[in-house]
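Novice: This is the structure alone, sequence omitted:
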């Protein structure tokens, strides 16, 4: 029952109060051993200057490069409770996007201190998360600077797009390879962060009426007929080339993107949460989607 109440809390309360600390008070301003299970938290902790406290992360925490040097405890939706416990952390942090269901009960039973922060699915929630982490770690000034950087970056991206004066909006689809399901799926079309970034880059998400993450529909991809497909890094790289991606990923060869070889590679972590680098990522996306217009504005 306690777990059900935890996940039913409104986001604002969740960010502030969610977590289990037992009888031990955690002072975030002091050095400690932290296991981080959510990629956006990993980036934010490094950005706040507390990356030296991280001893392990989930497999999807690949930014910054320093995060790749840390030990891993499994994919964030397929975590290993034993690996987390073995790190002997002072604190485990996550953003309520972890699995399987037995992870939290097991590491809680083992006596670990756990704290859940909010997500970063919107620009406002990203700023709220930065401020909450800044307060927790005693890095309020650093958090304020990162919030300002986020706002300035989004504004710059808007000015960049406005200067390009794009008249015809492209239809864009994001295809991602899910490590949990070991399969390709369409990430866009659910009004998530990827869709928001597509719109901020002056395009529109292609309408996909397939079965979502469980099974990718070649027919639905063909009917959506995107002008450009954004392939996230792992899924693109495992194919080895654009031609292989076009020929082997279901339905891609039947789309305008496939026929015109408009497949662009993009880092997964830059499309699924907002943060201090989002403005730069949107500008990069604009240049990939509208290369001719981008050249004219330089």
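Specialist: Cool, the structure landed. Remember, predicted model here, so these are calculated numbers, not experimental data.

Novice: quick one: residue 55 and residue 107, what's the gap?
Specialist: 14 Å (C-beta to C-beta, to the nearest Å). Any C-beta I mention is one placed from the backbone N, CA and C, and that applies to glycine too.

Novice: neighbour-wise, which of those two wins?
Specialist: Higher neighbour count among residue 55 and residue 107: residue 107, with 23 against 17, using other C-beta atoms under 10 Å.

Novice: In stretch 223-238, which residues are buried?
Specialist: Neighbour-count burial for stretch 223-238, with 16 or more other C-beta atoms under 10 Å as criterion, is recorded at 223-236.

Novice: Out of these, list just those in helices.
Specialist: Members of those lying in helices (criterion: DSSP state H): 223, 224, 233, 234, 235, 236.

Novice: in the stretch 151-298 of the chain, what spans have low per-residue confidence?
Specialist: Along the stretch 151-298 of the chain, segments meeting pLDDT under 70 span 180, 211-214, 294-298.

Novice: mind listing the helices for it?
Specialist: Remark: helices assigned in the stretch 151-298 of the chain by DSSP state H, counting those that start in this stretch are 193-200, 218-224, 233-239, 242-248, 256-259, 278-289, 291-297.

Novice: Which strand in the protein has the most residues?
Specialist: Looking across the chain with DSSP state E, the single longest strand is strand 171-178.

Novice: Show me what that one is packed up against.
Specialist: strand 183-186, helix 193-200, strand 204-205, helix 218-224, strand 228-232, helix 233-239 (3 or more C-beta pairs under 8 Å, 6 or more residues apart in numbering; DSSP states H and E).

Novice: Just want the angle from it to helix 278-289.
Specialist: Relative orientation of strand 171-178 versus helix 278-289 (axes from the mean of the first three to the mean of the last three C-alpha atoms, to 10 degrees): 110 degrees.

Novice: Direction included, what does strand 171-178 pair against?
Specialist: strand 183-186 (antiparallel), strand 204-205 (parallel), strand 228-232 (parallel) (DSSP bridges).

Novice: Would you reformat these as a markdown table and include distance to residue 121?
Specialist: Listed next are the strands paired with strand 171-178 as a markdown table, based on distance: least, C-beta to C-beta, whole Å:
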| stretch | distance to residue 121 |
| --- | --- |
| strand 183-186 | 18 |
| strand 204-205 | 15 |
| strand 228-232 | 17 |
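
Novice: Good, we can wrap up now.
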